[in-house]
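Q: kindly return the folded structure for what I paste below:
(chains A and B)
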Number of protein chains: 2
Amino acid sequence: MGGNIIVSSTKQALSIYALGGINEIGKNMYAIQFADDIVVIDCGSKFPDESLLGIDLIIPDITYLKENQDKVRALIVTHGHEDHIGAIPYILKQMDLPIYATRLTLGLIEVKLKEHRLLRQTKLVEIDSNTNIEFGTIRLTFFKTNHSIPDCLGIAFHTPEGTVVHTGDFKFDLTPVNDQYPDIHKMADIGKNGVVALLSESTNAERPGFTPSERFVGEHIEEAFNKAKRKVFISTFASNVHRVQQVIDAAFKTNRKLALLGRSMVNVVAVASELGYLNVPEGMLVEASEVGRMAPDKVAVLCTGSQGEPMAALSRLASSNHRLVEVLPEDTIIIAASPIPGNERNVAHIVDNLFLLGAKVIYGSGSVTGMHVSGHASQEELKLMLTLMKPKYFIPIHGEYRMLHQHRILAESVGVEKENIFVINNGDVVEIRDSAARVSRKITAGNIFVDGLGIGDVGNIVLRDRRQLSEDGMLVIVLTLSKTEGTIISGPDTISRGFVYVRGSEDLMNEVNQLVIASINNSQQAHVHKWDVMKQDIKETVGQFLYAQTKRRPMILPIIIEV
Amino acid sequence: MGGNIIVSSTKQALSIYALGGINEIGKNMYAIQFADDIVVIDCGSKFPDESLLGIDLIIPDITYLKENQDKVRALIVTHGHEDHIGAIPYILKQMDLPIYATRLTLGLIEVKLKEHRLLRQTKLVEIDSNTNIEFGTIRLTFFKTNHSIPDCLGIAFHTPEGTVVHTGDFKFDLTPVNDQYPDIHKMADIGKNGVVALLSESTNAERPGFTPSERFVGEHIEEAFNKAKRKVFISTFASNVHRVQQVIDAAFKTNRKLALLGRSMVNVVAVASELGYLNVPEGMLVEASEVGRMAPDKVAVLCTGSQGEPMAALSRLASSNHRLVEVLPEDTIIIAASPIPGNERNVAHIVDNLFLLGAKVIYGSGSVTGMHVSGHASQEELKLMLTLMKPKYFIPIHGEYRMLHQHRILAESVGVEKENIFVINNGDVVEIRDSAARVSRKITAGNIFVDGLGIGDVGNIVLRDRRQLSEDGMLVIVLTLSKTEGTIISGPDTISRGFVYVRGSEDLMNEVNQLVIASINNSQQAHVHKWDVMKQDIKETVGQFLYAQTKRRPMILPIIIEV
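A: All right, here's what the predicted structure looks like:
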């Protein structure tokens, strides 16, 4: 239990920091450090917003961990969602570290590592809520939490400077599916023994009240299955194994077989069944290709695409574009997920198409349809966690600034001292030494962009160019000059892409050519022979002309060849 | 009253069609035609979604109206929102037609026409709800409706084939601000006299119940003003004159002066005050530059930007980037508008920044904050309109497909015959002849893109290029060949934009150059001298190589110069 270390506790500090997850939703990565021992929590990815053109994924910058590689003892993963595991393959390509997680979480990580051919070389260690493990000066214990995926953990880090608690993602579902109860008694024990700092997730810190139980969704699913006279399609997050179980139960109770559509749905059901997290009655599942041949009131389809993803199963079904299954009039479609902000239009477009096919569609906010509840704690639950843990210091994590801000207000309301609450940024190091906490320094933290196979090779300049190209396209102007005379031998020729449709714009292009010739002649007369200067003049002259004519600013690329 | 026309009514048909507004939100434009008389209703624009890169605005395709210009008698505008007036300047550039609208609507149209220098040449006719006017065989009467802008009209078109009613945008606010009551008695009269077809707006056809009164918002605004100890900022739609009035009233009652920020807010308040739609107490308004010098509990600021528009006043205030006014700790900011789907992230980002400044922020859904109500009729109101009008035929308009679909279900529920409901597309012509209706034909209808000064010059090819450029950028490959030998004289040189940052990718670029040289040599040996073929080979060779190396597909532009 590291008792021999306590002696040096006045010299060595406890450090807490985030490499991702603060002031953002996604890309969660936190670390607890004492002396020379660093334990990392989660390693998530984030999807880019529409301003990051062409970027596929965002992952944390782990420069600090690489610089301190000899101190990094382990990566502990709280649960199997993408915003907590999505960056693992990319990080493992940069540094080696052993991964500790529960069985289901490891199962989902393994699928990822296989895809990236990293499974063999990575040390994976299965833990559960009873695990008690030491990494140098830091001892870890765990407690069960409840969230929209099974097998979630909260973590207590016992250090010479006191116990730090990281909640992971959680809600307090007191009537959970599959007996995944949050272990309130263990949390109470941890709190009673003293918590120096609590890191608690803030996703729903803006929402009053108490998040409804997942069972509430199950009741509505069963009711919809009961009412349906023909085929039922239901779309939800593949990783929500609890909800998947409730769909299986509803199909079983209403004598329907079930087909699975979508790669992630097939994958997750396979992993979760194999590991014992899903109970699928024998003979329940049928192939998608059989659906069309079965009596419509004897079959249901569970599919991906509840967020309107254009390539996912639901979108293909809605546009009558699925190879194996067809939506027919009077079929029932249930979208068992609320649209995440930004996805509303895609989901709405799918609903339009489903109505056009004559289907009955249950869609919209889960609070209206009963077909979705959040997996995150609302305000009263966040207050319950704060009350259970009674932390001296509080660091709200996992959320955008307004969520962290609201979580701070909640913490104050249950008695945490205002000056003991640290609303930090990624990279801020909260240092606790002799029971006193302060933000002591800043380490490297930021966004690394993944674009295709490239990790970190697309930066601000490339993105700025993409933005200009996306809005107004470009114009390449090629001309050949005589090396001896400096006169124009051929060209100028203009090639435009994404700017105007050239066949309708001959006059405009001719005027551009005339301007280029005039610009070159001016340079000649002014005895300017530097290409940079000549090119800059062409850019400015043509740019101003095109803006006056079209109010557009295409990228202008003059290419001068000397022969 | 055109009684002499009735004789020919068995020969001539009544036609109803949309040139915009069906299966979309925005770009409203409808027409009623009898014999050789066409009356057009509204002329709106629509904002592009993010897939339409660089497009500024979408307007209706009016090919059909231009082909029948001699028959088009008038444009009647129901109210002054952008989705009903935004395309007017662009349409007037294509054809001349007189515009009929109420005073405030005309005032807002005039602002637009001035900007486009079209005011002098356009015939503008002021009407009100008592106007009775004939356009050949079609006689028009009007009825007052209530919406989130004053001076709205519904229209009854009395034709030899019967009366067609177009509702415009409406709700039934029975306790409106400014005494803008919906004229239910007149609606009842029209219904009693027989309505052959009703065109009714469908925006909120998915929402159960009855939309709350605008007064509900006024009460909450006043309460927030009362509670505020320092400056109050309130942001809403400039065109919501009722809400603007309530902000003025709240400021007056709490002894605050009011400053206006944002061009559209200043414009609308000027027009609406001048025309008598706003009651601004003398000495109430102050310049923005004075705000900082006033006692914080004696001033409020009314500003644009409630949808998170990055260049609008609220966004600038939140990023401490406004020239004249500053948000300080403990100031109160009210966002008196629910975010329209697609705008949530921008609004949330502003809230984050305001919290960072230490402000108190009232934000989120209007149903929670009380700071916003819709201007559109919910289901019970739509049923009320259908009940008042008792139409034989019903055409739901103004909405995406699922809204039209839900409106159809509402119409059936109040007794409209299922086969008498026409859920149409833009361009479908509903023809009524001898009291029998059918979709008889299809006319041209569609989206025209406005990009800068260009109207309709950006089409699918340009957009496809912009999309490719936006995702993976481009690579220009220049080389000079000898005309006589076909050998490479200079180059290849590669210029990349938006693809990779070249300084980190020298090796990749060198390999590209080697591939280009090999491709040219191959062409030589195969006696290929056609440039198209040579360029195509370079494109394919380099494209495949880059995809294998990077999983990106930049646009590749080979440029071959022969000297």
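Q: ok, A:Val500 to chain B distance?
A: Noted for A:Val500: a distance of 6 Å to chain B, by C-beta to the nearest C-beta, to the nearest Å. Backbone N, C-alpha and C define where each C-beta goes, glycine included.
Q: which ones are touching the residue nearest to that residue when sequence neighbours are not counted?
A: Distances taken as C-beta to C-beta, 6 or more residues apart in numbering or on different chains place B:Asp457 nearest to A:Val500, at 5.7 Å, with adjacent residues excluded. When contacts are counted by C-beta atoms under 8 Å, 6 or more residues apart in numbering or on different chains, B:Asp457 touches A:Val500, A:Tyr501, A:Gly504, A:Ser505, B:Asp451.
Q: now which of the residues you listed would you call buried?
A: A:Val500, A:Ser505, B:Asp451 (16 or more other C-beta atoms under 10 Å in any protein chain shown).
Q: name the residue of the stretch 151-300 of chain A that lies nearest to chain B.
A: Closest approach of the stretch 151-300 of chain A to chain B (C-beta to the nearest C-beta) occurs at A:Glu206, with a separation of 7.3 Å.
Q: can you tell me the element the nearest residue to that residue once chain neighbours are set aside falls in?
A: Nearest in space to A:Glu206, with sequence neighbours left out and distances taken as C-beta to C-beta, 6+ apart, is A:Gln406 at 5.2 Å. Remark: A:Gln406 resides in helix A:401-413, with elements defined by DSSP states H and E.
Q: what are the buried residues along the top strand by length along chain A?
A: For chain A, the longest strand by residue count, based on DSSP state E, is strand A:488-497. Using 16+ other C-beta under 10 Å as the test for burial, strand A:488-497 gives A:Ile488, A:Gly491, A:Pro492, A:Asp493, A:Thr494, A:Ile495, A:Ser496, A:Arg497.
Q: distance to B:Glu287 added to the buried ones among the contacts of B:Asp457, as TSV?
A: Shown next, in TSV, are the buried ones among the contacts of B:Asp457 (distance: C-beta to C-beta, whole Å):
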residue	distance to B:Glu287
A:Val500	43
A:Ser505	46
B:Asp451	36
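Q: between the residues you listed, which is nearest B:Ile155?
A: B:Asp451 (33.1 Å; C-beta to C-beta).
Q: circling back to that earlier point, now do the contacts for the residue of the stretch 151-300 of chain A closest to chain B.
A: A:Glu206 neighbours (C-beta under 8 Å, 6+ apart): A:Arg402, A:Met403, A:Gln406, B:Gly364.
Q: tell me the pLDDT at A:Gly375?
A: Note for A:Gly375: predicted pLDDT of 96.
Q: what is the neighbour count of the nearest residue to it once chain neighbours are set aside?
A: Excluding the flanking residues, the one nearest A:Gly375 by C-beta to C-beta, 6+ apart is A:Ser148, at 2.7 Å. With neighbours defined by other C-beta atoms under 10 Å in any protein chain shown, the count for A:Ser148 comes to 24.
Q: hmm, A:Leu57 and A:Phe47 touching each other?
A: Yes - with contact defined as C-beta atoms under 8 Å, A:Phe47 reaches A:Leu57; the gap is 6.9 Å.
Q: the two: who's more crowded?
A: Higher neighbour count among A:Phe47 and A:Leu57: A:Leu57, with 20 against 17, using other C-beta under 10 Å.
Q: name the SS class of the nearest residue to A:Glu290 once chain neighbours are set aside, please.
A: In this structure, A:Glu290 finds its nearest non-sequential neighbour in A:Ala259, 7.1 Å apart by C-beta to C-beta, 6+ apart. What DSSP: H, G, I helix; E, B strand; the rest coil gives for A:Ala259 is strand.
Q: dump the residue contacts of A:Ala259.
A: A:Ala259 neighbours (C-beta under 8 Å, 6+ apart): A:Leu285, A:Val286, A:Glu287, A:Ala288, A:Glu290, A:Val291, A:Val299, A:Ala300, A:Val301, A:Leu302, A:Val325.
Q: quick check: mean pLDDT across stretch A:132-140?
A: For stretch A:132-140, the per-residue pLDDT averages 97.
Q: run through who's touching it.
A: A:1-2, A:5, A:12, A:32, A:34-37, A:39, A:73-74, A:76, A:100, A:127, A:131, A:141, A:155-160.
Q: list the buried residues for the host helix or strand of A:Tyr64?
A: A:Tyr64 belongs to helix A:63-67 when assigned by DSSP H and E. Buried residues in helix A:63-67, defined by neighbour count with 16+ other C-beta under 10 Å: A:Tyr64, A:Leu65.
Q: what sits up against it?
A: In contact with helix A:63-67 (C-beta under 8 Å, 6+ apart) are residues A:Leu19, A:Ala31, A:Ile38, A:Val40, A:Val72, A:Gln94, A:Met95, A:Ile443, A:Thr444, A:Ala445.
Q: which element is the third one on?
A: Looking back up the chat, that one is A:Ile38. strand A:37-41.
Q: quickly run through the sheet partners of that strand, with directions.
A: strand A:29-34 (antiparallel), strand A:72-76 (parallel) (DSSP bridges).
Q: just those: most buried one?
A: Ranked by mean neighbour count, those are led by strand A:29-34 with a mean of 25 (mean count of other C-beta atoms under 10 Å in any protein chain shown).
Q: who's in contact with that strand?
A: A:12-21, A:38-44, A:60, A:62, A:65, A:71, A:87, A:136-138, A:157, A:159-161, A:164, A:166, A:199, A:397.
Q: which residues of the stretch 201-350 of chain A fall in helices?
A: A:214-227, A:241-253, A:263-274, A:313-318, A:344-356 (DSSP state H, counting those that start in this stretch).
Q: next one: the fourth one to chain centre, how far?
A: Meaning helix A:313-318. Distance of helix A:313-318 from its chain centroid, counting by C-alpha atoms, centre = their mean, to the nearest Å, is 22 Å.
Q: that helix near chain B anywhere?
A: No - Helix A:313-318 stays out of contact with chain B when judged by C-beta under 8 Å from any C-beta of the partner chain, the minimum separation being 11.4 Å.
Q: which elements pack onto that helix?
A: Here helix A:313-318 touches strand A:232-235, strand A:299-303, strand A:332-335, helix A:344-356, going by 3 or more C-beta pairs under 8 Å, 6 or more residues apart in numbering or on different chains; DSSP states H and E.
Q: which one of those lies closest to chain B?
A: helix A:344-356 (3.9 Å).
Q: quick check: angle from the closest one to helix B:344-356?
A: For helix A:344-356 against helix B:344-356, the angle by axes from the mean of the first three to the mean of the last three C-alpha atoms, to 10 degrees is 150 degrees.
Q: show me which residues of helix A:344-356 are buried.
A: In helix A:344-356, counting by 16+ other C-beta under 10 Å, buried: A:344-356.
Q: all good on my end, thank you.
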